[in-house]
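Asker: Generate a structure from the sequence data that follows.
(chains A, B and C)
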Amino acid sequence: MANDNHQDGEHHGVGHVVPVSLLVQVLVALLFLTGVTVWSAGYDLGWANIYLAMLIASVKAFLVVAFFMHLRWDKPFNQIVFVGTLIFVALFLVFSLMDTRAYRHQQRTGDAPFVGTSYEEGKLQAESQGGSGH
Amino acid sequence: MNTPDTATGGAVSSPEITEERNYINHSQGMLSWLLTLDHKRIGVMYLAAILLAFFGGGLAALVVRTELFYGDGDLLLSGDWYNKFFTLHGAIMVFLVIIPGIPAALGNVVLPILLGAKDVAFPRVNLMSFYFWMLGAACLILSLLLGGIDTGWTFYAPYSIYDAAADSHTAGAVISALTGAFMLGFSSIFTGLNFIVTIHKLRPPGMTWFRMPLFLWSIYATAVCQILATPVLAITLLLLIVENAVGIGIFNPNMGGDPVLMQHFFWFYSHPAVYIMILPAMGVVSELIAVHSHRHIFGYKFIAFSSIAIAIFGFLVWGHHMFTSMSPMMNVIFSALTYSVSIPSAVKVFNWLATMYKGSININTPMLYGMGFIFLFTIAGLTGLPLATLAVDIHLHDTYFVVAHFHYTMMGSALIAFIGGIHHWWPKISGRMYNENMGRVAFFILFFGFNLTFIPQFIAGSRGMPRRYHDYPDIFDFQILHQASTIGAYTMLVSFLMIAYYLVMSLVNGRKAPWNPWGGNSLEWHCQSPPLHENFRETPTVGDCYDYSGLVWNAEIQGYVSKKA
Amino acid sequence: MSDDHHGDPNLQHHFEDMDQQFNASKLGMWLFLAQEVLFFAGLFCFYFVFRYNYPELFEFGSQYLDAKWGAINTVVLLISSLTMALAVRCAQTSNKSGLILNLVLTFICAGGFMGIKFVEYKSKLEHGVFLGLFDYYTVDSELAAREGNVAPTSPVERVAHATITPADPNATTIAPPAATPTGITRPPASAGEAHDHSHDGHEAHDHSHSHDDGHGGHALVIHGERPANLHLFFSCYFCLTMLHGIHVLAGMIMLVWLYLGAVKGRYHAGYFTPVDLGGLYWHLVDLVWIFLFPLLYLI
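Answerer: Model (predicted):
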């Protein structure tokens, strides 16, 4: 650890010291991408809006993780942990959404019975309507 | 192949048992236990607390079984209280006993020793996990004092959402129970985190991945599940707490919410949780079978990798709990994936059988539990296959068939392995030998009682007896089947009381345990019983932990020693 | 290289050397972050499932949020991420004054973030919106009033006005809603039949109305028809931002603790693990916000 001022990407010693200039560049890139997100949201691209926004957010997330969090220079296993986590998140979201999609056309429309009421009131109202809310 | 005496560090050459210092007499006083950072003491505290919780959960089960002795109901309990008791039984057994049982209690005691480390990576976090467990237990007790809950251990919405009109439980009781499970979740997460880091970073020189005992592989796979699955349970419970407190509507259909989403959230955790329960049990059994058969484990790498495979497949099958509430396409996907889990499980069973083949099997208590596990786990696994089959599951869903199936998994497999592991490591933990004959008798009573309880439930379930019913008509022999089941439950009570008796008596007047009573060669048998505060005098050298050829029985100390000594 | 650290007072007894201790702590932190990611994943799943089922909720509801504040908060948090990364660098290079300065700057940014959140929450509460709550009554009566060209002026009047003249004749079949202590009541209108998935089409002739919150705040202009079950959007918004906010608060406590350690000179090139781990945690909090900002405020 005597040589902790090394600026190369090699991993000897504890941790990796990132040059200030690189950190500032990353911040500039992040701010720029934030601007792009806000700007692009002003245009109505339909379904593409959310994908575009998520794409930009993912790029920003990558910058934060790789440079601010030093993952680019970190132990391979720590990288595996992070990427593996994202895979399991994707699994969770995709399976839940696939099931939701199949049910989408059976969704009930209109305000649910207890909406805008206290719980007890909603119950009474639902009863007085003879379950017409369903 | 290394001879074991390289692994002993010269320890076996001085096998005399004297009143030497160990982790138990290392320091005195209540606080030295309550604030300890020693993994062994934390493990012992877990063990005591978990066994106490097991006693409570068992009593709740007996109340439920007694109630079902006659079909016409209200023998002991009203319907509402019946619901509260099976919820209590389920919540205690799952969250307080089986999930933390093997990893937190046995794992804490032996994991660092098996690894050759001085402690787990983060001893303070370890102690914090224990107090999270205690807080969780306290919250569950508080929920009982506030009138109990009848949601079932799964906290399904909308049961778990307070409804003034239904008047079955109070908002306070359900919030308290949810908070308890939330705390227990974090206890489990931090335990898993600690174990992964310990296994990665604290292996001494020579302890390569493929020299690790299989128990460590299974604990590792369990910890992966704990870290990746339990947070989803935590957020689910948090949302339910908020739902009960202010009514956010996410899971409540009356507020426009989606109760099926709650099931997805819950089972994304709780199916991996099934493997959090069974994987450590498989690890314990790998040790029991190899050590007590005195034969090198067969197919080491297959067992090791099948643990990892089960952990990963475990995340892909949660939908099979929702066959009746999910869309047809997802049902087909999840059904197909579910079958895939049976492959690594079967790999393990065949490897255990092959290990026993031509071994010199010592039929002592831990080995009986090991063999009992294989028998019961096979039934558990095979009855899972019809449940994974979509068409059959529509008939069997929410019947006693399911109840019997998961009791064979959770009790017949996970708990039997837990008790087997307690017997196996009891000499190491307590430094005393228990009464072997009583141990064997108690095992057979337990084994008989267990099957008497749950085989009739398979029959009743396949004839259509639904679960969670407080009374039932006496058709299809339901009453006689329930009565057999209830008698079986009381038989198990007898065996558990016996086990408690002889284990406590061993502390009072048991023979002092030698270093290596069973002839194991993994590192815990190369340190004294009970171990030193710092586990090893010097960092141990590591050989093949399943090579028993260098050990020989020494009648003088009633234990195994190295041949050279 | 670790030999010279065998006597290091920061080395715990069960580790061989500082390297092992650092690597173990770092792996532990990454696993904790993995846990955090899945913890938030539950809420993101909540968001995506409801967004997929009820896109109109999110289009309508996000009008209540002010993208300007959201963007400012994003910038504040990104800057705090830079200062935190600089703090880690200063710790690694034994730059004590730089470490203290950057920790303080990070703390100020965090405080600014929470301050802006406070302003936002305050304005939501003034509009009768909170976790699981939505001021259906006021909004529906306002929409009705606008159709009848009667503009309510104060919240009290708005409520009174709508109670007298329900907008929808169907509403007469329901008992007149009684105001609850929170002032939230069942909407008299039946958004059930009324709500239309494609209100982009008739955006032009849609009634837009403005809330004046009467506290000198900004005027809120809402376009479109209120979709059913709008409170779900706000449940989602508050669950996500509150959980994130709790993490920011925890991060601020952590920053104070790091600051105290830094003042005592505990961190230097040979031992900076707490600063490094604190940095990882802080960046994760930033990471979550990077996704929350466009999902809630922009689209």
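
Asker: from here on, contacts and neighbour counts on C-alpha atoms
Answerer: OK.

Asker: And for residue B:120, nearest residue in space, chain neighbours not counted?
Answerer: Nearest non-adjacent residue to residue B:120, counting by CA to CA, 6 or more residues apart in numbering or on different chains: residue B:198, 5.4 Å away.

Asker: Buried by neighbour count: which residues of the strand or helix carrying the one you found qualify?
Answerer: Using DSSP states H and E, residue B:198 falls within helix B:171-201. Applying a neighbour-count criterion of 16 or more other CA atoms under 10 Å in any protein chain shown, one finds B:171-199, B:201 buried in helix B:171-201.

Asker: Please apply the same query to stretch C:13-21.
Answerer: C:14-21.

Asker: before we move on, what about stretch A:45-65?
Answerer: Along stretch A:45-65, these residues count as buried under the neighbour rule (16+ other CA under 10 Å): A:49-50, A:52-54, A:56-57, A:59-65.

Asker: Out of the residues you listed, list just those in helices.
Answerer: Among the buried residues of stretch A:45-65, DSSP state H puts A:49-50, A:52-54, A:56-57, A:59-63 in helices.

Asker: what's the closest of these to residue B:135?
Answerer: Closest approach to residue B:135 among these (CA to CA): residue A:61, at 35.9 Å.

Asker: Could you measure from the closest one over to residue C:283?
Answerer: Using CA to CA, to the nearest Å, residue A:61 is found at 10 Å from residue C:283.

Asker: re earlier: what's the farthest-apart pair in the buried residues of stretch C:13-21?
Answerer: Farthest apart among the buried residues of stretch C:13-21 by CA to CA are C:14 and C:19. That separation is 12.7 Å.

Asker: does residue B:528 count as helix, strand or coil?
Answerer: Following DSSP: H, G, I helix; E, B strand; the rest coil, the label given to residue B:528 is coil.

Asker: I'd assumed residue B:512 was in contact with it.
Answerer: No - judged on CA atoms under 8 Å, residue B:528 makes no contact with residue B:512 at a distance of 11.3 Å.

Asker: Show me which of these two is the more surrounded one.
Answerer: Ranked by neighbour count (other CA atoms under 10 Å in any protein chain shown), residue B:528 and residue B:512 place residue B:528 first, with 25 against 20.

Asker: Next up, the contacts around the residue nearest to residue B:478 when sequence neighbours are not counted.
Answerer: Distance criterion CA to CA, 6+ apart; nearest residue to residue B:478, sequence neighbours excluded, is residue B:460 at 6.1 Å. Each residue near residue B:460 by CA atoms under 8 Å, 6 or more residues apart in numbering or on different chains is listed here: B:400-401, B:476-478, B:481.

Asker: Number of residues surrounding the residue in chain A positioned nearest to chain C?
Answerer: Per CA to the nearest CA, residue A:110 is where chain A lies closest to chain C, at 3.0 Å. By other CA under 10 Å, 19 other residues sit near residue A:110.

Asker: Buried residues of the longest helix seen in chain A, list them for me.
Answerer: Longest helix in chain A, counting residues (DSSP H): helix A:76-103. Judged by neighbour count using 16+ other CA under 10 Å, the buried positions of helix A:76-103 are A:78-79, A:81-82, A:85-86, A:88-89, A:92-93, A:95-97, A:99-100.

Asker: Now do that helix: which elements does it pack against?
Answerer: helix B:259-293, helix B:328-356, helix C:18-53 (3 or more CA pairs under 8 Å, 6 or more residues apart in numbering or on different chains; DSSP states H and E).

Asker: residues making contact with the helix or strand following the shortest one?
Answerer: Just to be clear, that refers to helix B:328-356. Note on helix B:328-356: by DSSP H and E, the next helix or strand toward the C-terminus is helix B:365-388. Applying CA under 8 Å, 6+ apart, the external contacts of helix B:365-388 come out as B:285, B:288-289, B:292, B:320, B:335, B:338-339, B:342, B:349, B:392-393, B:396-397, B:402, B:405-406, B:408-409, B:412-413, B:416-417, B:419-421, B:423-424, B:436, B:439-440, B:443, B:447.

Asker: For residue 86, which residues are in contact?
Answerer: Going with chain A. residue C:37.

Asker: hm, I was asking about chain C
Answerer: Going by CA under 8 Å, 6+ apart, residue C:86 touches A:20, A:23, C:99, C:102.
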